[in-house]
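Visitor: Below: sequence and its predicted model.
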Amino acid sequence: MEENLSAQAGTLEKPEDAGPGPDGVVSRWLMELELSTNTEKGWRESAQDALNRYRDEKDTGDASQRFSSANRFNILYSNVQTICPALYNQTPKPDVRRRFRDKDPMGKAISEVLERGVSYAIDAEDFDRCMKFAVKDTQIVGRGITRVKYEPTFGEDTDENGETFDALKFEEVCFEHVDWQDFRRGPGRTWEEVPWVAFKHMMSRSQLEEQFSEHVDDVAFDYTPRGVEEDDESQVADTFKRCIVWEIWDKDGKEVIFIAPSLKERPLKTEEDPLNLQHFFPVPRPLYATETSNTLVPIEPFRFYRDQAKELDEITKRISAIIKACKARGIYDASMQEMSNLMDSGENIMVPSENILNLVSQGGIERAIWMFPIEKIAGVLVHLYTQREQIKTTIYEITGIADIMRGSSAAQETLGAQQLKAQFGTMRLDDAKREVARYARDLVRIAAEIMAEKFSPQTLQIMTGLPVDDQMLQIMRIDAIRSYRIDVETDSTVAGDIATEQKNMTEMLGGIAQYLQAIGPAVEAGYIPADSAKSMLVGAVRRFKMGREIEDALEAISDPENQQQQGPSPEAMQAQQQMQEMSQMLQQLQQENEALKTDQAGKQEERFIQVEEKKKAFEQKDRELALKEQEAQIKAATIVDPQTQWEYDMAKERERMAFEAEQKERDRQTQIALALLSKGEEPMEAGSDGDEEMQAMAQSEAILQAITQALTAPKRVVYDEAGNVIGSETVIDG
């Protein structure tokens with residue numbers, strides 16, 4: 001019966017109609033659980049049959065025959081082992097970030113804290129194993145369920161007065177696989193309509209005493225493991241007995257109720273919304289193999305090709321029977337006693353004959369033996385093998401494995417053919433892959449929500465290594481604000497091709513380099529704003545798997561706060577500006593040098609003077625930049641020694657005086673050269689006999705060198721008797 005019809009067969013209008021008091025609560029929930037079980041009864045029987053088929057068990061009463069699988073082709077096991085790795089192949093990584101990419105330092109800090117916390121939980125609590133169980137349950141029975149639990153650890157501690165109390169020692173988020181037989185849900189056509197979910201527990205006496213100590217003597221341990229007969233008292237030991245307990249999460253009442261079917265007078269315990277989750281349930285929307293909009297009753301995938309699987313088993317049985325019939329059998333003359341010895345003899349053995357003449361007269365051994373014809377039987381066997389392959393192909397078409405097989409390539413195929421096959425081979429399973437990724441994302445979101453709602457700041461700081469203040473904690477514990485500002489995602493759950501990923505990364509980096517090279521001049525000229533150029537680049541980077549790291553790097557580069565904290569010093573910025581000016585001047589100088597070669601001969605001297613002046617200006621800029629860089633390096637270091645400070649000041653003063661003297665001499669030489677050119681004469685080298693002015697210039701240059709040598713000579717500090725610096729004196733060699 002369909003769920004929407006069975007859900008209408010209710011007898012209560014409101015929960016109070018089940019009866020007043022605690023016994024009415026237990027009565028109501030036992031009715032709900034029975035109705036849920038009956039709604040999915042047909043599916044549970046089919047699911048158990050599919051599970052037995054996957055495990056290659058025969059569902060018989062005789063345990064010795066249960067594991068006999070002769071003459072059976074287990075196509076279900078093969079299909080599940082092929083499809084599951086295609087749907088889930090690697091552990092996803094949590095991706096917690098600001099929902100919007102605007103400037104939100106608080107949202108960014110909270111995202112980093114939650115991402116580190118969830119990453120630790122995924123690694124520590126074996127998230128990968130729970131996901132594999134859920135995917136495998138989906139492919140075998142049709143529904144996979146994983147639960148997220150909050151488990152605090154308490155220990156005794158003492159306060160200032162010496163009194164002991166239970167103190168919180170540690171907190172953790174756990175992922176727990178839920179067996180498909182131990183899950184019940186309320187009526188609903190879609191998951192959003194489900195009013196409650198329930199989990200079945202089989203608790204021992206020690207577990208009951210730990211959680212429900214006041215009810216241990218009132219419940220019955222009425223559960224025995226499967227395979228142990230109830231009437232066989234010798235096999236039912238006390239250590240195997242368990243008590244059935246149902247944990248019911250009521251979304252309408254925002255409470256969790258624990259009941260035992262053997263205790264109908266009262267619930268074991270009732271808790272008020274223990275986790276404060278946004279959607280209340282500690283499980284995400286289950287993972288369904290086949291989902292429709294009118295019912296939540298699962299469908300096991302084996303149902304779609306059960307008939308073909310039975311036909312496959314029947315053909316396999318016939319093949320086995322025919323192979324047994326294909327034996328070497330024949331008839332021979334009874335008077336030839338050697339024939340029986342010949343059939344029983346081994347290799348390389350000759351059997352003697354006492355009546356060889358009779359054998360020769362019959363035409364030899366070929367005519368003395370009449371073999372049973374097995375050629376027709378072998379022909380039937382060939383046809384059965386062909387039919388079995390056709391049935392397997394039909395099953396592969398139903399399950400989608402045929403698309404995976406089409407996606408496999410051959411060595412002789414071209415690259416285009418291989419890419420086309422790979423694309424088509426994943427098309428059929430894309431929807432299932434997205435559903436598995438959605439399921440993993442929902443589990444991560446619930447884990448992050450539990451951490452935000454329940455974890456203390458101390459636990460978060462220990463787990464993540466990041467500071468957590470009261471303002472961050474307040475934002476994390478408000479559902480609306482947290483969901484508006486924080487987005488929790490995961491990366492792919494399917495392992496990709498390493499070569500393909502490396503190729504995509506190389507293409508992305510090459511594209512970024514080309515983009516920056518093309519957009520850079522437009523940004524420098526002011527045609528395109530820098531923010532617009534960055535937005536276009538980030539939008540393209542987000543399409544790649546590694547886009548987040550590059551996006552964060554781009555944000556860090558363009559963040560004004562980071563530029564203020566980590567940017568260059570004012571001296572370095574000024575030096576960089578001067579270097580740019582020098583680079584522009586050098587380019588202009590090169591252009592003028594090129595123009596000098598093609599200019600008229602009459603303007604050559606004038607251009608020569610201009611070039612020399614610009615060279616001097618360029619060298620002067622270079623010297624000034626070197627001095628400023630040296631000053632910046634000296635200022636960066638902490639100078640505490642007066643001797644070192646005094647030597648630095650003296651060296652700087654000598655450098656300045658030498659530079660001024662050299663500049664004056666160059667100006668004087670330039671004036672002399674201009675005067676000679678104005679007279680129509682060529683400049684002459686200093687010291688030539690033909691010009692008195694040049695001789696005077698050489699003499700002045702010698703005097704200038706002597707002054708420079710005196711200024712640049714090494715000095716030493718002169719101290720008085722009290723140890724104070726009173727001056728300096730020149731150090732004379734020898």
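Guide: Everything's here; your move. Residues are numbered from 1 along each chain as shown.
Visitor: low-scoring pLDDT stretches of the stretch 201-350 of the chain, where are they?
Guide: 224-240, 332-350 (pLDDT under 70).
Visitor: show me where it has strands.
Guide: Taking DSSP state E, counting those that start in this stretch to define them, one finds strands in the stretch 201-350 of the chain at 243-250, 255-259, 269-272, 287-288, 330-332.
Visitor: Remind me what the strand or helix carrying residue 540 packs against, helices and strands.
Guide: Under the criterion of DSSP states H and E, residue 540 resides in helix 530-541. Helices and strands touching helix 530-541, by 3 or more C-beta pairs under 8 Å, 6 or more residues apart in numbering; DSSP states H and E, are helix 498-525, helix 547-558. Yep, even glycine has a C-beta here, placed from its N, CA and C like the rest.
Visitor: Comparing these, which yields the minimum mean pLDDT?
Guide: Among the helices and strands packed on helix 530-541, helix 547-558 carries the lowest mean pLDDT, a mean of 60.
Visitor: and residue 211, how far is that from residue 268?
Guide: Per C-beta to C-beta, to the nearest Å, residue 211 is found 8 Å from residue 268.
Visitor: of those two, who's got more company?
Guide: residue 268 (22 against 14; other C-beta atoms under 10 Å).
Visitor: Tell me who's in contact with the residue nearest to the more buried one when sequence neighbours are not counted.
Guide: Closest residue to residue 268 apart from its sequence neighbours, by C-beta to C-beta, 6 or more residues apart in numbering: residue 258 at 4.1 Å. Contacts here follow C-beta atoms under 8 Å, 6 or more residues apart in numbering; on that basis residue 258 touches 211-212, 245-248, 267-270.
Visitor: Separate out the buried members of those.
Guide: When those are checked for burial by 16 or more other C-beta atoms under 10 Å, the buried set is 212, 245-248, 267-268, 270.
Visitor: Distance to residue 197 added to these, as JSON lines?
Guide: Below are the buried ones among the contacts of residue 258 laid out as JSON lines (distance: C-beta to C-beta, whole Å):
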{"residue": "212", "distance to residue 197": "20"}
{"residue": "245", "distance to residue 197": "15"}
{"residue": "246", "distance to residue 197": "11"}
{"residue": "247", "distance to residue 197": "9"}
{"residue": "248", "distance to residue 197": "8"}
{"residue": "267", "distance to residue 197": "17"}
{"residue": "268", "distance to residue 197": "18"}
{"residue": "270", "distance to residue 197": "16"}
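Visitor: among the residues you listed, which two are most distant?
Guide: Comparing every pair within the buried ones among the contacts of residue 258 by C-beta to C-beta identifies 212 and 248 as the most remote, at 14.6 Å.
Visitor: about what we covered before: which of the contacts of residue 258 lies closest to residue 321?
Guide: Closest to residue 321, out of all of the contacts of residue 258 and judged by C-beta to C-beta, is residue 246, at 50.0 Å.
Visitor: any idea how far residue 260 is from the closest one?
Guide: Distance from residue 246 to residue 260, by C-beta to C-beta: 8 Å.
Visitor: Same question for residue 473.
Guide: From residue 473 to residue 260 the distance is 38 Å (C-beta to C-beta).
Visitor: re earlier: name the nearest of the contacts of residue 258 relative to residue 126.
Guide: Nearest to residue 126, judged by C-beta to C-beta, of the contacts of residue 258 is residue 247 at 21.7 Å.
Visitor: quick revisit: turn the strands of the stretch 201-350 of the chain into TSV, including distance to residue 627.
Guide: Conversion of the strands of the stretch 201-350 of the chain to TSV gives the following (distance: least, C-beta to C-beta, whole Å):
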stretch	distance to residue 627
strand 243-250	76
strand 255-259	77
strand 269-272	75
strand 287-288	71
strand 330-332	114
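Visitor: Out of these, the one nearest residue 392 is which?
Guide: Using C-beta to C-beta, the nearest of the strands of the stretch 201-350 of the chain to residue 392 is strand 287-288, at 26.1 Å.
Visitor: Check which helices and strands that closest one sits against.
Guide: Partner elements for strand 287-288 (3+ C-beta pairs under 8 Å, 6+ apart): helix 127-140, strand 143-158, helix 430-454.
Visitor: Give me the contacts around it.
Guide: So strand 287-288 is contacted by 134-135, 137-138, 142-145, 298, 435-436, 439 (C-beta under 8 Å, 6+ apart).
Visitor: where does residue 474 land in three-state SS?
Guide: Here residue 474 is recorded as helix under DSSP: H, G, I helix; E, B strand; the rest coil.
Visitor: Doesn't residue 200 lie inside a strand?
Guide: Yes - Residue 200: assigned to a strand according to three-state DSSP.
Visitor: burial count for it?
Guide: So residue 200, with other C-beta under 10 Å, has 16 neighbours.
Visitor: Which segments of the chain make up each domain?
Guide: The record's domain parsing of the chain by automatic domain parsing lists 498-566, 644-734.
Visitor: Which of those domains comes out lowest on mean pLDDT?
Guide: With a mean of 61, domain 644-734 has the lowest mean pLDDT of those.
Visitor: residues contacting residue 112?
Guide: Contacts of residue 112 (C-beta under 8 Å, 6+ apart): 96, 464, 466.
Visitor: ok so, going back, mind checking which of the strands of the stretch 201-350 of the chain is nearest residue 200?
Guide: strand 243-250 (6.0 Å).
Visitor: Sheet partners, orientation included, of the closest one?
Guide: Strand 243-250 has these partner strands in its sheet, going by DSSP bridges: strand 196-203 (antiparallel), strand 255-259 (antiparallel).
Visitor: returning to that earlier point: among the contacts of residue 258, which one sits closest to residue 312?
Guide: The closest of those, once distances to residue 312 are taken by C-beta to C-beta, is residue 246, at 40.4 Å.
Visitor: contacting residues for the closest one?
Guide: With contact taken as C-beta under 8 Å, 6+ apart, residue 246 is in contact with 29, 33, 184, 198-201, 258-261.
Visitor: in the sheet, who's paired with it?
Guide: The partner residues for residue 246, given DSSP bridges, come to residue 200, residue 259.
Visitor: Distance of it relative to residue 296?
Guide: Taken as C-beta to C-beta, the span from residue 246 to residue 296 is 19 Å.
Visitor: do the same with residue 669
Guide: 99 Å.
Visitor: Just want to know which of those two has more residues nearby.
Guide: residue 296 (23 against 17).
Visitor: Where does the closest residue to the more buried one other than its chain neighbours fall, secondary structure wise?
Guide: Closest residue to residue 296 apart from its sequence neighbours, by C-beta to C-beta, 6+ apart: residue 188 at 6.1 Å. Under DSSP H and E, no helix or strand contains residue 188.
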